[in-house]
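Enquirer: quick one, structure for this:
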Amino acid sequence: MSSSLFQAYVTGEARRFFGPHPFSVDERRAAVRRAVRPLEAAVASGLTTQNARYASSAAREAHLDALRSGAAAVVTGQQVGLFLGPLYTIYKAATAVRVAQSLSQESGQPVVPIFWLQTEDHDLVEIASCAVSHGQAETLRLSLPADPHQRVSVAHHSLPASVIEQLSVLRTTLAHLPHANTHLERLERHYRAGVGWADAFAHVLAELFADDGLVLIDPRDRAFGVAAARVHRTALRNASPIADALAQRVLELEAAGYEAAIAVRPKAPLAFFHPLGATGARYRLEPAADRFAEVGGHSVHSLEELNAALDADPLSFSTSALLRPILQDTLLPTAAYVG
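Expert: The predicted structure is shown next:
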């Protein structure tokens, strides 16, 4: 039977896999020192533009200034689910805020809480429903239509008209509860037909954490294209040795009695390719002789062709679960991550 890797991490029993331990004050301070750096100019500009769309927040503006000047970050994130998705979305954001405050006090350095909007994924079905506990025996389940076969990143999807009906059901069910009307009005302001899934989610979250200065980032932004292209180019060029190193780590985890959380595919790059452009379907790539084939698609591409597509439009690529942390830490000065 496999042991819990999470339990081993928090108790310090798996330090050879994770290095610094979060319960050590000295190692937390060191993590902040390593992370502190100003954002790249293009990243800073994109982040400022994105956050200017949300509810006004002096605390958020101060955090953006700190990031431009040189700060560390505590990053968390979640898929942009219906009405903020699972409750732990709120807990993760709140924890990032609290940890950033604590690290800043310990280190004497500015540390900013950042929420990564996971918009690259194309699994609309996974985010199109939510369950609401409301004091009755039966949980309220809300959902919007979602095609399980579509492959376009969630960033490029808009809410259907049926969101209005689901808001009405939610109001009927929850309106009698304390403080319900304030939050229902907040949801109704932003979850509207034709609004992007990511936009609705981000506006609600930004309002909830305006006083805490939570900064939000959506990776599907051309402002981040140059930095993202570096990540994808390396992942494509070194697909085989990266996959080999990951496979070796899986063997080491299993030998130590742990179970790897993510499957590693031999010699496969960690990027998804959008052959019809940023707003088109995305496909995982797998090796096919000296080329790369679209899994679920119909085409095979040479490395030269993929690099040319990357040069033309960096958003014609998106990350897998294993590559996303690399893109995150390329864009942001990450001292800690809340999972």
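Enquirer: wasn't residue 114 part of a strand?
Expert: Yes - counting by DSSP: H, G, I helix; E, B strand; the rest coil, residue 114 is located in a strand.
Enquirer: for residue 66, see how far away it is.
Expert: According to Cβ to Cβ, to the nearest Å, residue 114 stands 11 Å off from residue 66. Every residue, glycine included, has its C-beta placed from N, CA and C.
Enquirer: and the two? which has more neighbours close in?
Expert: Comparing residue 114 with residue 66 by neighbour count (other Cβ atoms under 10 Å), the higher total belongs to residue 114, at 25 against 20.
Enquirer: where does that one land on pLDDT?
Expert: The predicted local distance difference test score for residue 114 is 98.
Enquirer: how about it, what does it touch?
Expert: Residues in contact with residue 114, defined by Cβ atoms under 8 Å, 6 or more residues apart in numbering, are 73, 74, 75, 76, 96, 214, 215, 216, 217, 332.
Enquirer: report the secondary structure state of the first one.
Expert: Same thing as residue 73. Assignment for residue 73 (three-state DSSP): strand.
Enquirer: in the chain, which segments are predicted with low confidence?
Expert: Low-confidence segments of the chain, defined by pLDDT under 70, are located at 1-2.
Enquirer: where is the longest helix in it?
Expert: Secondary structure of the chain read by DSSP state H shows that its longest helix is helix 88-107.
Enquirer: which secondary structure elements does that one sit against?
Expert: helix 25-35, strand 72-79, strand 111-118, helix 197-208, strand 334-337 (3 or more Cβ pairs under 8 Å, 6 or more residues apart in numbering; DSSP states H and E).
Enquirer: and the last one, which strands flank it?
Expert: Using DSSP bridges, the strands paired with strand 334-337 in its sheet are strand 72-79 (parallel).
Enquirer: tell me the angle of the strand it pairs with relative to helix 88-107?
Expert: Relative orientation of strand 72-79 with respect to helix 88-107: 170 degrees, computed using axes from the mean of the first three to the mean of the last three Cα atoms, to 10 degrees.
Enquirer: in strand 72-79, what's buried?
Expert: By neighbour count, with 16 or more other Cβ atoms under 10 Å as the criterion, the buried positions of strand 72-79 are 72, 73, 74, 75, 76, 77, 78, 79.
Enquirer: okay if I get those residues as a markdown table plus distance to residue 171?
Expert: Formatted as a markdown table, the entries for the buried residues of strand 72-79 read as follows, by distance: Cβ to Cβ, whole Å:
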| residue | distance to residue 171 |
| --- | --- |
| 72 | 41 |
| 73 | 36 |
| 74 | 34 |
| 75 | 33 |
| 76 | 29 |
| 77 | 28 |
| 78 | 24 |
| 79 | 24 |
